[in-house]
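Enquirer: Predicted model follows, preceded by the sequence.
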Amino acid sequence: MLEKSFGVLFFLKQTKNQNDDLRFIYLKITVDGKSVELSTKRKCEQNKWNSQTGRATGNKEATKELNLYLDTMAQMVFHAKRTLLDSDKTFSAQAIKDQMTGVTEKPKMILEIFQHHNDQMKALEGIDFALGTIGRYEISKQHTRDFIKWMYKTDDKPIKELDYEFISQYAFWLKTVRKCNHNSTMKYLANFKKIVLICVKNRWLPGDPFANFKLTKKTVEKIALTEAELKRVIEKKFDTERLSLVRDIFVFSCYTGLAYADVKNLMRSDIKDGVDGKEWIFINRQKTNSASHLPLLGPAKKILAFYKDYSRCADSGYALPILTNQKMNAYLKEIADLCKIGTELTFHIARHTFATTVTLNNGVSMESVSKMLGHSSIRQTQHYAKLQNYKVSQDMQLLENALTLKSDIDM
């Protein structure tokens, strides 16, 4: 860090309604061209003041005592400067003055910094951050607030009091009081770590309290419907229109890989001719705001055509008459029971079914699947879309056939 310019000067200052020869002595502190003034509470006659040395002239005892007082005050300035530098605090003329006069800096508070961060994210909605991301940080802030109340019986806590114990107890609270699973706990802590690192970079914290805390997620097996299960859901005849509607939208997601929020916001205008002249979906995923371009498969096209004249679609331009997420999930549970599906049906499973059963297991490349899912990297797709066992069986059957053919040739 470059050395800042620094100056200390005592000078006489005439105040209002002061007509006599006595003047108040003021101290001027200058750092990088910015100055503050501080009264010494002492006076000196103008003709007994040396503006070059910034001291009173003469040999009288009173003059010596005055200059000694000014010397002591100057030493206080240098001591305040050293204190600020040693504590890694902001070094400025005002900071030195505050240090000398006992004005304490208002402590940076955890939730205040968290709120400021979230407000900035909100201002950048649709530019740098998706609505879903902003929502997750709001939930994280609320969890942090609730934890502080639970653990410390207060509404907020100074950022300087953050330490390893705070982090470890926060993790404990998330798992026990909030009943979060391990991976959800790690996600909330990762969100909080972003706020902590902002404090470290601004030197509001001397170190990272996460330094010895491992934010390691456990590997979770991704679940997808098999071809037989997906076929069962598609061919099932339901007695009520609501179940048929929810089933159709779920199947649409299985053949497009779109999440609930993306299907809900899908407009007819998002469906355009692609490079091959066929219909494609062109959207930015709500969760990540990343681009997702995918050709429409036959089953998805049929569902879109069936619902195009529904009032919600015809009047507003939406592609499908989707229900609320709460209702969709409730009806998907009924559908799973009626179709004898042991897995709880969700849109996450539909998206995973697209990644594995519909695409990868039918020979679509990892690169193409990654692009259609709107992933930022192939690694993300590899983690998300693991191959089904029957695909492994198919590949091993090809290997067995090749080995048998080789064995026959050798004979």
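Expert: In hand now; what should we look at?
Enquirer: you'd agree residue 25 is in a helix?
Expert: No - assessed with DSSP: H, G, I helix; E, B strand; the rest coil, residue 25 is strand; it does not lie in a helix.
Enquirer: who does it bridge with?
Expert: Beta-bridge pairing for residue 25 (DSSP bridges): residue 12, residue 42.
Enquirer: mind listing what it touches?
Expert: Neighbour list for residue 25: 10, 11, 12, 13, 39, 40, 42, 43, 44, 70 [criterion: CB atoms under 8 Å, 6 or more residues apart in numbering]. In this view, the C-beta of every residue, glycine as well, is placed from N, C-alpha and C.
Enquirer: Nearest to residue 194 among the residues you listed?
Expert: Residue 194 lies nearest to residue 39 out of these, by CB to CB, at 44.5 Å.
Enquirer: tell me the pLDDT at that closest one?
Expert: Here the pLDDT value assigned to residue 39 is 92.
Enquirer: thinking residue 55 is in contact with residue 12, fair?
Expert: No - the criterion here is CB atoms under 8 Å, and residue 55 misses it with residue 12 at 11.3 Å.
Enquirer: will you turn the contacts of residue 25 into JSON lines that also has distance to residue 170 and neighbour count?
Expert: Listed next are these as JSON lines, based on distance: CB to CB, whole Å; neighbours: other CB atoms under 10 Å:
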{"residue": "10", "distance to residue 170": "51", "neighbour count": "23"}
{"residue": "11", "distance to residue 170": "53", "neighbour count": "14"}
{"residue": "12", "distance to residue 170": "57", "neighbour count": "17"}
{"residue": "13", "distance to residue 170": "53", "neighbour count": "12"}
{"residue": "39", "distance to residue 170": "47", "neighbour count": "11"}
{"residue": "40", "distance to residue 170": "49", "neighbour count": "15"}
{"residue": "42", "distance to residue 170": "53", "neighbour count": "15"}
{"residue": "43", "distance to residue 170": "57", "neighbour count": "15"}
{"residue": "44", "distance to residue 170": "58", "neighbour count": "24"}
{"residue": "70", "distance to residue 170": "51", "neighbour count": "19"}
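Enquirer: how's this structure carved up into domains?
Expert: Domain ranges of the chain: 6-101, 110-201, 227-394, per automatic domain parsing.
Enquirer: what about the first one, start to end distance?
Expert: Spelled out, it's domain 6-101. 19 Å (CA to CA, to the nearest Å).
Enquirer: and it, how far from the chain's centre?
Expert: Chain-centre distance of domain 6-101: 47 Å, with CA atoms, centre = their mean, to the nearest Å.
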